[in-house]
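Visitor: Coordinates for the following, if possible.
(chains A and B)
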Amino acid sequence: MGAIAAAIAIGLAALGAGLGNGMIVSKTVEGIARQPEARGMLQSTMFIGVAFVEAIPIMAVVIAFMVVGQ
Amino acid sequence: MQEWQQMTIRYRKYMFYLLALYVLGWGFTSYQSVFAGLILGTSLGFFNMWLLAKKTDTLGKAVTTGTTVRTLGTLSRMATAVLAVIVALRYPDIFHFISVIIGLMTYIFVIMIDYFLHSILIRK
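Guide: Okay, the predicted model is just below:
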């Protein structure tokens, strides 16, 4: 049961992160393609966004490995 | 572009300050396992942050030059978190587990605090 719980935790978190990252990256790429001179600002926003989005799957991975490791 | 470089340098600086504080705590206090865990977690979190900054920069360059980027490195960052957890679970007497997790999340707090400071205090 622990392995199933870990798999569900990692899977759902990765799904959410994938969707979130996809939205962030697509909008950033669109913005940079439209305005290449705004690259620095857009990259900064993307960096902050991706870091926040990826906090959840990283925590999920940690919790999943805690469950499996017990 | 200058804003981006300044931002990454600032984050790097804060992470080095925190790491230096943790090393001082490890050396001069009796909470050695807590600070060792914080050092391990923050080091790997720092690697995660560096990797994310590098990949973001690569993506920006690729969009402007018209080349392709295959990955943003999410799997590598997850693998780093797994490595930290495995090390903390394998050596519980050396590394305090909760400290490793807090250390791993440190870069997100650094980014959050810096973002709020810059957006609320400095820009306005």
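
Visitor: Now do the contacts for residue A:46.
Guide: Remark: with contacts taken as CB atoms under 8 Å, 6 or more residues apart in numbering or on different chains, residue A:46 is in contact with A:24-25, A:28, B:56, B:59. (Each C-beta comes from the backbone N, C-alpha and C, glycine too.)

Visitor: sec struct for it, please.
Guide: With DSSP: H, G, I helix; E, B strand; the rest coil as the basis, residue A:46 sits in helix.

Visitor: Residue A:52 versus that one, what's the distance?
Guide: Look at residue A:46 and residue A:52: by CB to CB, to the nearest Å, they are 11 Å apart.

Visitor: Does the helix or strand hosting residue B:52 reach chain A?
Guide: Under the assignment given by DSSP states H and E, the secondary-structure element containing residue B:52 is helix B:32-65. Yes. Residues of helix B:32-65 contacting chain A under CB under 8 Å from any CB of the partner chain: B:48-49, B:52-53, B:56-57, B:59-60, B:63-64.

Visitor: Quick one: list the elements packing against that helix.
Guide: The helices and strands touching helix B:32-65, judged by 3 or more CB pairs under 8 Å, 6 or more residues apart in numbering or on different chains; DSSP states H and E, are helix A:2-34, helix A:39-69, helix B:2-28, helix B:74-90, helix B:97-104, helix B:106-116.

Visitor: Near chain A, which residues of chain B are found?
Guide: Residues of chain B lying close to chain A (CB under 8 Å from any CB) are B:1-5, B:7-8, B:48-49, B:52-53, B:56-57, B:59-60, B:63-64, B:72, B:74, B:77-78, B:81-82, B:84-86, B:89, B:101, B:104-105, B:107-108, B:111-112, B:115.

Visitor: 7 Å - rerun?
Guide: B:1-4, B:7, B:52-53, B:56-57, B:60, B:63-64, B:72, B:74, B:77-78, B:81-82, B:85-86, B:89, B:101, B:104-105, B:108, B:111, B:115 (CB under 7 Å from any CB of the partner chain).

Visitor: Would you mind checking these for buried ones?
Guide: Those of the residues of chain B next to chain A that meet the buried threshold are B:4, B:7, B:52-53, B:56-57, B:60, B:63, B:72, B:74, B:77-78, B:81-82, B:85, B:89, B:101, B:104-105, B:108, B:111, B:115, by 16 or more other CB atoms under 10 Å in any protein chain shown.

Visitor: Mind listing residues that contact stretch B:30-43?
Guide: Residues outside stretch B:30-43 that contact it (CB atoms under 7 Å, 6 or more residues apart in numbering or on different chains) are B:15, B:18-19, B:22-23, B:25-26, B:29, B:84, B:87-88, B:93-97, B:99-104, B:106.

Visitor: make it 10 Å
Guide: Defining contact as CB atoms under 10 Å, 6 or more residues apart in numbering or on different chains, one finds that stretch B:30-43 is touched by B:15-16, B:18-19, B:21-29, B:45, B:49, B:80-81, B:83-85, B:87-88, B:91-107, B:110.
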